[in-house]
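K.L.:
Sequence and predicted structure, then a few things I'm wondering about:
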Amino acid sequence: MTQRNDRGADDGARLRSLSLGDLLSVDLPVRDYILDPLMKQGESLMLWAAPGVGKTMAALSIALAAAGGGKFLGWKAPHPFRVLYVDGEMALADLKDRLVVLKDAVEGLDVDAAAKNLRLLVRSHQDPEASFPDIATPEGQQTIYARARGMKADLVILDNFSVLAGVDDENDAGAMNPVLTFLLRMKQAGIATILVHHSNKGGESYRGSSKIATTFEAIIGLKANSGVASRYTAAFDLAFTKFRGRRNDTIVETSAWLEEAADGTLRWRWKESEDAELGRVVTLVKTCRYGRDADLAKALGVSTGKLSGLKNTAIARGLIKAPDWKRCVEAARASESGLDAFPDVAEADEDDAHNDF
């Protein structure tokens, strides 16, 4: 008992606190974006998807972009960073094939820098008698932590939770504690971490207890996009279910796929997803500031023909009623003419509801 208390007292003595005055006056180092604006040094992110959707292709592309100062889906590494990629299940030959394809697919990649800065710790590359790190155990955590510190890694990618964490029941909140402790330790060390994970059976969220989500600055879900053909099974809709950082036009629901270029190499292509685009349309229309299709189309960055299609789809899906669209257009025109504007959509909806009785 005494030893435990003494040890606890020693640990407590090592903890540091500071006053508000100290915090306000201290000069803290500026944390670089590893991929701007997706994540900074020392932050953590979860990337989840169902099997076969393309989460490993996405994770490897992030690793390459970070290690080689490239860009993935609009997220740019300002300079090359050191990256440790831990893979728990893929055959080494398959991993090589994917990286060969992706080194040409990642925009602006410095291949020589990536070759130097990206290191891979792969289970299939080990002796069968060697134990591979388990991030749910202190020993496994220390192995990865020591490797990362030894190479001065800025980013560690863990692919994937199910094969790297020996957790009996992923739905048990308490079973997540060791993994959370490890992720928080990496934050304390200033090492960014990406955890690749599987989706639940419905494919609508990540698998297991929601407690695992507490430490992440960002959570990204990938869902299969059957409308885009990709011979490398990497065509998905990407959505943020959590994001604490600074948003710009790249932090949106996105459709992404690998497309073959004229020279036979593959390139990542992406665009705002239809759901996100429809959401922007409806939001702008409801401001009642656009009396002409041309002005609304310009604000959206689309042609008037494309706007017409988006309008029809939004109305067909019930995102906005046709009378409400018309009312907002007329209100905008009235405002431009100096006349009294029509009631806004919310007020009009209330009036319609009262008139129903």
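P.N.:
Received it, and whenever you're ready, just let me know what you need.

K.L.:
okay, CA-based contacts and neighbour counts for the rest of this
P.N.:
Noted.

K.L.:
Mind telling me what element the residue sitting nearest the centre point of the chain is part of?
P.N.:
With distances taken as CA atoms, centre = their mean, the chain has Ile220 as the residue nearest its mean C-alpha position (3.6 Å). Counting by DSSP states H and E, the element that carries Ile220 is strand 218-224.

K.L.:
What residues sit buried inside the helix or strand following that strand?
P.N.:
Going down the chain from strand 218-224, the next helix or strand is strand 235-243, by DSSP H and E. Going by neighbour count (16 or more other CA atoms under 10 Å), the buried part of strand 235-243 is 235-239, 243.

K.L.:
Check stretch 36-43 too.
P.N.:
Quick answer for stretch 36-43 (16+ other CA under 10 Å): 36-43.

K.L.:
can you check stretch 325-338 too?
P.N.:
Neighbour counts over stretch 325-338 (16+ other CA under 10 Å) mark 325, 327-335 as buried.

K.L.:
same check, this time on stretch 156-176
P.N.:
For stretch 156-176, burial by neighbour count (16+ other CA under 10 Å) applies to 156-161, 163-167, 170, 175-176.

K.L.:
Which members of those occur in strands, if any?
P.N.:
If you go by DSSP state E, those have 156-159 in strands.

K.L.:
Turn the buried residues of stretch 156-176 into JSON lines, columns for pLDDT and distance to Thr283.
P.N.:
Compiled in JSON lines, these are given as follows (pLDDT from 0 to 100; distance: CA to CA, whole Å):
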{"residue": "Val156", "pLDDT": "98", "distance to Thr283": "38"}
{"residue": "Ile157", "pLDDT": "98", "distance to Thr283": "37"}
{"residue": "Leu158", "pLDDT": "98", "distance to Thr283": "38"}
{"residue": "Asp159", "pLDDT": "96", "distance to Thr283": "38"}
{"residue": "Asn160", "pLDDT": "92", "distance to Thr283": "38"}
{"residue": "Phe161", "pLDDT": "94", "distance to Thr283": "38"}
{"residue": "Val163", "pLDDT": "94", "distance to Thr283": "42"}
{"residue": "Leu164", "pLDDT": "96", "distance to Thr283": "43"}
{"residue": "Ala165", "pLDDT": "94", "distance to Thr283": "43"}
{"residue": "Gly166", "pLDDT": "90", "distance to Thr283": "45"}
{"residue": "Val167", "pLDDT": "88", "distance to Thr283": "44"}
{"residue": "Glu170", "pLDDT": "87", "distance to Thr283": "39"}
{"residue": "Ala175", "pLDDT": "85", "distance to Thr283": "42"}
{"residue": "Met176", "pLDDT": "90", "distance to Thr283": "39"}
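
K.L.:
can I get those in a markdown table with distance to Asp112?
P.N.:
What follows is these, written out as a markdown table (distance: CA to CA, whole Å):
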| residue | distance to Asp112 |
| --- | --- |
| Val156 | 20 |
| Ile157 | 20 |
| Leu158 | 23 |
| Asp159 | 24 |
| Asn160 | 27 |
| Phe161 | 30 |
| Val163 | 31 |
| Leu164 | 29 |
| Ala165 | 33 |
| Gly166 | 36 |
| Val167 | 38 |
| Glu170 | 39 |
| Ala175 | 41 |
| Met176 | 38 |
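
K.L.:
could I have stretch 49-56 exported to PDB, CA atoms only?
P.N.:
Listed next in PDB are the C-alpha coordinates belonging to stretch 49-56 (Å, rounded to 0.1, in the frame of the first residue of the first chain):
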ATOM      1  CA  ALA A  49     -15.600   3.100 -43.900                       C
ATOM      2  CA  ALA A  50     -16.900  -0.300 -44.700                       C
ATOM      3  CA  PRO A  51     -14.500  -2.900 -46.200                       C
ATOM      4  CA  GLY A  52     -13.700  -2.300 -49.900                       C
ATOM      5  CA  VAL A  53     -14.800   1.400 -50.000                       C
ATOM      6  CA  GLY A  54     -11.300   2.800 -50.200                       C
ATOM      7  CA  LYS A  55     -10.200   3.800 -46.600                       C
ATOM      8  CA  THR A  56      -6.700   2.300 -47.000                       C
END
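
K.L.:
how far out from the middle of the chain is it?
P.N.:
Centroid separation for stretch 49-56 versus its chain: 14 Å, with CA atoms, centre = their mean, to the nearest Å.

K.L.:
How about stretch 87-100?
P.N.:
Counting by CA atoms, centre = their mean, stretch 87-100 is centred 22 Å from the centre of its parent chain.
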